[in-house]
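dropping a prediction and its sequence here:
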Amino acid sequence: MKIRINGKEKICEKTQTLKDVIDTSLKNSSHIVAEVNGEIIKRHRWADITVQNGDSIELVALVAGG
Amino acid sequence: MNTQTTDTIEDTPLIIANKAFTSRFLLGTGKFKNKTDLAAAIKTSGTQLVTVALRRIDLERHEDNILEYIPQGITLLTNTSGARNASEAVRIARLAKESGCGNWVKIEVINDSKYLLPDNNETIKATEILAKEGFIVLPYMFPDLYAARALVKAGAAAVMPLGSCIGTNKGLKAKEFIQIIVDEINEVPIIVDAGIGTPSQAAETMEMGCDAVLVNTAIATAGNPALLAKAFAQAIEAGRLAYLSKLPTVQEKASPSSPLTGFLYYEK
């Protein structure tokens, strides 16, 4: 199964939830926001969302900026 | 004896969307060499409102959480930098809100990579959508009176015209057009954002009746950011006091400052 995380393609071997994907991608996800195919997924729903083939996941956070 | 001193002059706070700020200095957090410099500048600036941005996480390396360097109690204003149109700005604002930093957003829509000028039309569209959703919207705009009026009508909580192009430190190149906005828009604060490079330029901005100034590049790229942040804070306060004092008008002809009587001439 192929998905995209922040624009980069990733192959998933098995069925995973959004939470699984985030936990394997990041050490600390306490300050991030996740979006799947353009829809914001609230943190409490991360474990309920099963990632599908072709999904585009965006993981964003606040950074310094003017 | 005149007993009125500056101690007896009390300025009213800056009010944005019913929130009161005693500081009229908004600080951008971008471009600092390191987070220590940023934290020091936030402290010496006395700012109560700082901007942040939203970006994709770099999955290859650990990045600090910017919020760890911004003291509690300071209002966060997330910008929509990177947005090229209204819908991208709306998307960024919604993501920012989800990050838990509140619902204050600086609309910044730019699709010109050479001059980095804000697109007023798209900015108005984004402002209208986000204001209806309950965001406190502070749009960064090119200083045009019609656009400023449209932004107010769309629900903007302030109007933020550029002084000059972003990051140029050129100061108030758009002064005449900002003055028109200051004179004509009374419903919301006018905050000059972008291009202010020196404390004297910030003071000039406040003297002309603007309500606040947003500075980033000048401070972040200075040799000593904390020191310059303090200088800006004092200049903004000085400019504000000068404005409140009702500055005298410029005269074409010279007029003496001392009495024209009682001169000590040698008697002939």
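That came through fine.

tell me the confidence at the residue of the stretch 101-250 of chain B found nearest chain A?
Proximity to chain A, evaluated over the stretch 101-250 of chain B using CB to the nearest CB, is greatest for residue B:216 at 3.4 Å. For glycine as for every other residue, the C-beta is placed from the backbone atoms N, C-alpha and C. What the model reports for residue B:216 is a pLDDT of 97.

and if you look at residue B:113?
At residue B:113, pLDDT is 89.

equivalent analysis for residue B:254, please.
92.

who is the residue nearest to residue A:6 when sequence neighbours are not counted paired with across the strands?
Leaving out its chain neighbours, the residue that sits closest to residue A:6 by CB to CB, 6 or more residues apart in numbering or on different chains is residue B:56, at 4.4 Å. Taking DSSP bridges as the rule, residue B:56 bridges to residue A:60.

quick one: residues contacting residue B:56.
A:6-7, A:58-60 (CB atoms under 8 Å, 6 or more residues apart in numbering or on different chains).

shouldn't residue B:162 be in contact with residue B:144?
No: in this structure residue B:162 lies outside contact range of residue B:144 using CB atoms under 8 Å: 10.7 Å.

OK, contacts around the spatially closest residue to residue B:127 that is not a sequence neighbour?
Excluding the flanking residues, the one nearest residue B:127 by CB to CB, 6+ apart is residue B:154, at 4.3 Å. By CB under 8 Å, 6+ apart, the residues touching residue B:154 are B:124, B:127-128, B:131, B:137.

and whichever residue of chain B sits closest to chain A, what element?
Ranked by CB to the nearest CB, the top residue of chain B for proximity to chain A is residue B:53, at 2.5 Å. Residue B:53 is part of strand B:49-56 when elements are defined by DSSP states H and E.

C-alpha coordinates for that strand, CSV please?
What follows is strand B:49-56 as a C-alpha-only set of coordinates in CSV (Å, rounded to 0.1, in the frame of the first residue of the first chain):
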residue,chain,number,x,y,z
LEU,B,49,1.4,39.6,20.5
VAL,B,50,3.8,37.6,18.4
THR,B,51,3.4,35.9,15.0
VAL,B,52,4.2,32.3,14.2
ALA,B,53,3.8,30.3,11.0
LEU,B,54,2.7,26.8,10.1
ARG,B,55,4.7,24.3,8.2
ARG,B,56,5.1,20.7,7.3
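
how about the biggest helix by length in chain B, does it get close to chain A?
When chain B is parsed with DSSP state H, its longest helix is helix B:225-244. No: contact of helix B:225-244 with chain A (CB under 8 Å from any CB of the partner chain) is absent, the minimum separation being 12.5 Å.

CA atoms of that helix as CSV?
Extracted in CSV, the C-alpha atoms of helix B:225-244 (Å, rounded to 0.1, in the frame of the first residue of the first chain):
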residue,chain,number,x,y,z
PRO,B,225,18.3,41.4,18.6
ALA,B,226,17.4,42.0,22.2
LEU,B,227,19.0,45.4,22.3
LEU,B,228,17.3,46.5,19.1
ALA,B,229,13.9,45.1,20.3
LYS,B,230,14.2,47.3,23.4
ALA,B,231,15.1,50.3,21.1
PHE,B,232,12.0,49.6,19.0
ALA,B,233,9.8,49.4,22.1
GLN,B,234,11.0,52.8,23.3
ALA,B,235,10.6,54.3,19.8
ILE,B,236,7.1,53.0,19.4
GLU,B,237,6.2,54.4,22.8
ALA,B,238,7.8,57.7,22.0
GLY,B,239,6.0,57.9,18.7
ARG,B,240,2.7,57.1,20.3
LEU,B,241,3.2,59.9,23.0
ALA,B,242,4.2,62.3,20.2
TYR,B,243,0.9,61.5,18.3
LEU,B,244,-1.1,61.9,21.5
